[in-house]
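1. Sharing a sequence plus its predicted fold:
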Number of protein chains: 2
Amino acid sequence: MTAEPRVAPPDQTPLDPALLALVEDALARTLREAELAEDLRAACSHAVLAGGKRLRPILVLECARAVGGELADALPAAVAIEFIHAFSLVHDDLPALDDDDLRRGKPTCHIAFGEALAILAGDALLALAPLVASRSPVAGGRIASEVLRGTVAMINGQVYDTLRTFPHGLSDSDRLELVHRNKTGALIEASCRIGAMAAAASADHEERLARYGQAIGLMFQIVDDLIDATQSAEHAGKATGKDAEAGKLTAPAVHGIDGSRREVERLGCEARAALEPFGPRAARLSALVDFLAQRTK
Amino acid sequence: MTAEPRVAPPDQTPLDPALLALVEDALARTLREAELAEDLRAACSHAVLAGGKRLRPILVLECARAVGGELADALPAAVAIEFIHAFSLVHDDLPALDDDDLRRGKPTCHIAFGEALAILAGDALLALAPLVASRSPVAGGRIASEVLRGTVAMINGQVYDTLRTFPHGLSDSDRLELVHRNKTGALIEASCRIGAMAAAASADHEERLARYGQAIGLMFQIVDDLIDATQSAEHAGKATGKDAEAGKLTAPAVHGIDGSRREVERLGCEARAALEPFGPRAARLSALVDFLAQRTK
């Protein structure tokens, strides 16, 4: 895999604009059609439609494509996982948790709509997600359950990260992996797995895409920690150095800067290896590994 | 139906102690076996296991029994609906919503565990509920979806009730019905419907039990409003007169005390009529109508 280009060619940008357009359209349509009180719809729409990389829904669609599935069949799963991501951001931003006023340069949901409606909007997005997932034409029930399992794991990760109450006897390195695997990793792995499910992938292919998801999920979080430790706030577009200040368990704190970079390298190899059987259909998933490894903001 | 005894005989107490024991055991077991960080499990257990009438899970089991189903088959659905009820109480009690410190004489979840963990515990219970429901041996997918539809409706009801932002052009009476149908009614109707589903009921029987649930759900809320308007706090075991003080839309405010009592009477007839084809197997569901109509606390 060493011949893999380190910079994606123009027609292989990792986040395919055509898929992004499909995702944005499906998100907006699903919110429009949901049976929601109008204030609640406005708060949910603010949370979901105010930008974002759409990494998770794109992973769903790319994994479906890698195993030869129809993109349209994977859209409910893609919307569901982005609703979960959006719900988690709305609740994480609340005063009792991270207490953030801004996200992507816009007021967070509780700043724009008040805390009561923000709590209820997060709840509504969490409840809508599996309902939307269950409408997948292929494997709807399995996809909904996988979305929910990922959600529970993510909430566990949030508890470990925010409240720092770990099972007894874990080393810092084990604790860090527990946070990373759950907080970000579980939902990214679930994204890849439900993409495979929506395309009726074989069990072997589903496991390979799940392994790919595990590897890039961990990598994503380590790169996040590296950005916080090494980049200026101006460059990153968000406050940096926050983790060290908060005494948080991070990859640079546990493995050092160089050790963390080596770990990113290793996980990249693991992710690319998992994609081997899929050939050119997984080209963008492969390009995404480099994109995630090299991002600096 | 006028021969219906107004007071349930001893062997027909509306909340069957044998079913209550089944429910308590299933709730505790499900929480013990769930993959939750230990702090999160403690907060969820506080929310779910600290008492409560268990009206919704009992309705699930009684509706399964009314159509000749196995109680064991309906337990996952019963646990799921009680998890949703518990999640809604945890989030409703938060400072940004009702700001309650006590529930059933015990500290609310955020008082006992802090606001961050209470928000996350509510989220976890909401995510676990459809996952548990989907494990029903009969109609798992349909039951999970119905639980989620009821949840979204309940959240809408909460928005209407708390934030009082209604669709344009509704009369007070229409607004009241919108609040009642969604806030309490939707989950009670869902309880009856999923009990029927878990017992593989016919479409006609499922609709009848859903109608029964709609009627007693509305009745439940009107009786709640009557208790607030007419009983002393000492008798009711909670603060009363709160609705009028808050200028809330209530049944006595819209229909008067006598009008509200007539409405309870009418809904009782409707509920009992829906049970007709089920005969003695629905005896406790019928006794429950009187129990709910006559409660004064």
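-> Alright, I've got the coordinates.
2. for chain A, what spans make up the helices?
-> A:17-33, A:38-49, A:55-66, A:71-92, A:109-113, A:115-133, A:140-163, A:172-180, A:186-198, A:203-230, A:233-236, A:242-245, A:251-274, A:283-294 (DSSP state H).
3. okay, the angle between the last one and helix A:251-274?
-> Angle between the axes of helix A:283-294 and helix A:251-274 is 160 degrees (criterion: axes from the mean of the first three to the mean of the last three CA atoms, to 10 degrees).
4. Next up, the contacts around the nearest residue in space to residue A:97 that is not next to it in sequence.
-> Of all residues not flanking residue A:97 in the chain, residue B:116 sits nearest, at 5.3 Å (CB to CB, 6 or more residues apart in numbering or on different chains). From N, CA and C alone the C-beta is placed, and that goes for glycine too. Each residue near residue B:116 by CB atoms under 8 Å, 6 or more residues apart in numbering or on different chains is listed here: A:96-97, A:162-163.
5. what about the closest residue to residue A:278 other than its chain neighbours, how many neighbours?
-> Excluding the flanking residues, the one nearest residue A:278 by CB to CB, 6+ apart is residue A:66, at 4.4 Å. Residues lying near residue A:66 (other CB atoms under 10 Å in any protein chain shown) number 28.
6. ok, now how distant is residue A:66 from residue B:156?
-> Residue A:66 is 38 Å from residue B:156, where distance means CB to CB, to the nearest Å.
7. Output stretch A:100-107 as CSV, restricted to C-alpha atoms.
-> Output in CSV follows, covering the C-alpha atoms of stretch A:100-107 (Å, rounded to 0.1, in the frame of the first residue of the first chain):
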residue,chain,number,x,y,z
ASP,A,100,-19.9,26.2,24.8
ASP,A,101,-21.6,29.3,23.3
LEU,A,102,-20.3,28.8,19.8
ARG,A,103,-20.0,25.9,17.4
ARG,A,104,-18.7,26.4,13.9
GLY,A,105,-18.9,30.2,14.5
LYS,A,106,-22.6,30.1,15.2
PRO,A,107,-24.5,30.2,18.6
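8. does that stretch come close to chain B?
-> No: using CB under 8 Å from any CB of the partner chain, stretch A:100-107 never reaches chain B; the gap is at least 13.6 Å.
9. Point out where the stretch 51-200 of chain A drops to low pLDDT.
-> By pLDDT under 70, the stretch 51-200 of chain A has no low-scoring segment.
10. Next, the contact list for the closest residue in space to residue A:140 that isn't next to it in sequence, please.
-> Spatial nearest neighbour of residue A:140, excluding adjacent residues (CB to CB, 6+ apart): residue A:134 at 4.5 Å. By CB under 8 Å, 6+ apart, residue A:134 lies in contact with A:140-141, A:143-144, B:141, B:144-145.
11. Just give me the closest of these to residue B:251.
-> Within these, distances to residue B:251 taken as CB to CB reach their minimum at residue B:145, with 30.8 Å.
12. Quick check on the residue nearest to the closest one when sequence neighbours are not counted: phi, psi?
-> Excluding its sequence neighbours, the residue lying closest to residue B:145 (CB to CB, 6+ apart) is residue A:134, at 5.5 Å. Dihedral pair for residue A:134: phi -70, psi -10, per degrees, to the nearest 10.
13. Give me the neighbour count for the residue nearest to residue A:45 when sequence neighbours are not counted.
-> Excluding its sequence neighbours, the residue lying closest to residue A:45 (CB to CB, 6+ apart) is residue A:31, at 5.2 Å. Residues lying near residue A:31 (other CB under 10 Å) number 20.
14. How about residue A:219?
-> Other residues lying near residue A:219 total 25 when counted by other CB under 10 Å.
15. Check residue A:48 too.
-> Applying other CB under 10 Å, I find that residue A:48 has 26 neighbouring residues.
16. what sits against it?
-> Here residue A:48 is in contact with A:27, A:31, A:82-83, A:86, A:125 (criterion: CB under 8 Å, 6+ apart).
17. ok, so of the residues you listed, who is nearest chain B?
-> Minimum distance to chain B across those is 10.0 Å, recorded for residue A:125 (CB to the nearest CB).
18. thinking that closest one is in contact with residue A:47, fair?
-> Yes: between residue A:125 and residue A:47 there is a contact under CB atoms under 8 Å: 6.6 Å.
19. Between the two, which contacts overlap?
-> Common neighbours of residue A:125 and residue A:47 (CB under 8 Å, 6+ apart) are A:86-87, A:90.
20. Next, count neighbours for the residue nearest to residue A:164 when sequence neighbours are not counted.
-> In this structure, residue A:164 finds its nearest non-sequential neighbour in residue A:249, 7.7 Å apart by CB to CB, 6+ apart. Each residue near residue A:249 was counted by other CB under 10 Å, and the total is 21.
21. what does the stretch 151-297 of chain A put close to chain B?
-> So far as CB under 8 Å from any CB goes, the stretch 151-297 of chain A lies against chain B at A:151-153, A:155-156, A:158-160, A:162-163, A:165, A:167.
22. Could you check which residue of the stretch 101-250 of chain A lies nearest chain B?
-> residue A:115 (3.6 Å).
23. Touching, that residue and residue A:97? I think so.
-> No: using CB under 8 Å, residue A:115 is not in contact with residue A:97; the gap is 11.4 Å.
24. Give the buried residues for stretch A:39-56.
-> A:39-48, A:50, A:52, A:54-56 (16 or more other CB atoms under 10 Å in any protein chain shown).
25. what residues does stretch A:66-79 touch?
-> Residues outside stretch A:66-79 that contact it (CB under 8 Å, 6+ apart) are A:19, A:22-23, A:26-27, A:30, A:56-58, A:60-61, A:63-65, A:132-133, A:135-138, A:140, A:143, A:147, A:194-202, A:205, A:209, A:275, A:278, A:281-282, A:285.
26. residues from the stretch 1-150 of chain A in reach of chain B?
-> By CB under 8 Å from any CB, the part of the stretch 1-150 of chain A that sits against chain B consists of A:34-40, A:87, A:91, A:94, A:96-97, A:114-117, A:119-120, A:122-124, A:126-128, A:130-131, A:134, A:140-141, A:144-145, A:148-149.
27. which among those residues end up buried?
-> The neighbour count (16+ other CB under 10 Å) marks A:34, A:36-37, A:39-40, A:87, A:91, A:94, A:96-97, A:115-117, A:119-120, A:122-124, A:126-128, A:130-131, A:134, A:140-141, A:144-145, A:148-149 as buried among the residues of the stretch 1-150 of chain A next to chain B.
28. Who are the contact partners of the residue nearest to residue A:113 when sequence neighbours are not counted?
-> Closest residue in space to residue A:113, ignoring its immediate chain neighbours: residue A:43 at 4.4 Å, by CB to CB, 6+ apart. If a contact means CB under 8 Å, 6+ apart, then residue A:43 has A:109, A:112-113, A:117-118, A:120-121 as its contacts.
29. Residue A:230: neighbour count?
-> When neighbours are defined as other CB under 10 Å, residue A:230 has 16 of them.
30. Distance of the closest residue to it other than its chain neighbours relative to chain B?
-> Excluding the flanking residues, the one nearest residue A:230 by CB to CB, 6+ apart is residue A:257, at 6.7 Å. From residue A:257 across to chain B, the span is 29 Å (CB to the nearest CB, to the nearest Å).
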